[in-house]
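In: My questions are about this predicted structure, shown below with the sequence.
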Amino acid sequence: MNKLVDMSDALISALSMMEPQLKHSNVRIRQILPDQSVLVIGDRMRIEQVLVNLLRNALDALKSVSDPEIEVILSKGETATLTVRD
């Protein structure tokens, strides 16, 4: 069901779900989040699943990196933008 979803809350939830894998891989997470809420209309469960998938993909890409880091940037303007960098 679509409703207003706070992307920061969804991201925190996705990171929490991924915490065991992230710790096991010694990946550092760098978050750049706005001070204000970033609200989007959507299904929170689906949004969280997309975020988990993005984090898993980034984790897979870092398997052979000696000092792995994933950067997550959430920004708000005319549209909401989420960037995941590995």
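Out: Yes, it's here.
In: Can you give me the pLDDT of the residue nearest to residue 22 when sequence neighbours are not counted?
Out: When the adjacent residues along the chain are set aside, residue 22 lies closest to residue 29, with 6.5 Å between them (C-beta to C-beta, 6 or more residues apart in numbering). The C-beta positions use only the backbone N, C-alpha and C, and glycine is treated the same way. Looking at residue 29, its pLDDT reads 95.
In: now residue 29: how far from residue 62?
Out: With distances taken as C-beta to C-beta, to the nearest Å, residue 29 is found 11 Å from residue 62.
In: overlap in contacts of these two?
Out: Common contacts of residue 29 and residue 62 (C-beta atoms under 8 Å, 6 or more residues apart in numbering): 69-70.
In: before we move on, the earlier item: what sits against the residue nearest to residue 22?
Out: Contact analysis of residue 29 by C-beta under 8 Å, 6+ apart lists 15, 22, 69-70, 72.
In: Identify all residues paired with it through a beta bridge.
Out: According to DSSP bridges, the partner residues bridging residue 29 are residue 70.
In: that older thread, from the contacts of residue 29, which is closest to residue 45?
Out: residue 15 (15.6 Å; C-beta to C-beta).
In: With adjacent residues omitted, what lies nearest to the closest one?
Out: Residue 15 sits nearest to residue 29 (C-beta to C-beta, 6+ apart), 6.6 Å away.
In: ok, now residue 4?
Out: Closest to residue 4 by C-beta to C-beta, 6+ apart is residue 39, at 5.0 Å.
In: So the one you found sits against residue 6, correct?
Out: Yes - with contact defined as C-beta atoms under 8 Å, residue 39 and residue 6 form a contacting pair (5.9 Å).
In: Which residue ranges of the protein form helices?
Out: With helices called from DSSP state H, the chain shows them at 7-24, 44-61.
In: Could you check how far the residue in the chain sticking out farthest from the centre is from residue 25?
Out: In the chain, counting by C-alpha atoms, centre = their mean, residue 66 sits farthest out from the average C-alpha position, at 21.6 Å. Separation of residue 66 from residue 25 (C-beta to C-beta): 12 Å.
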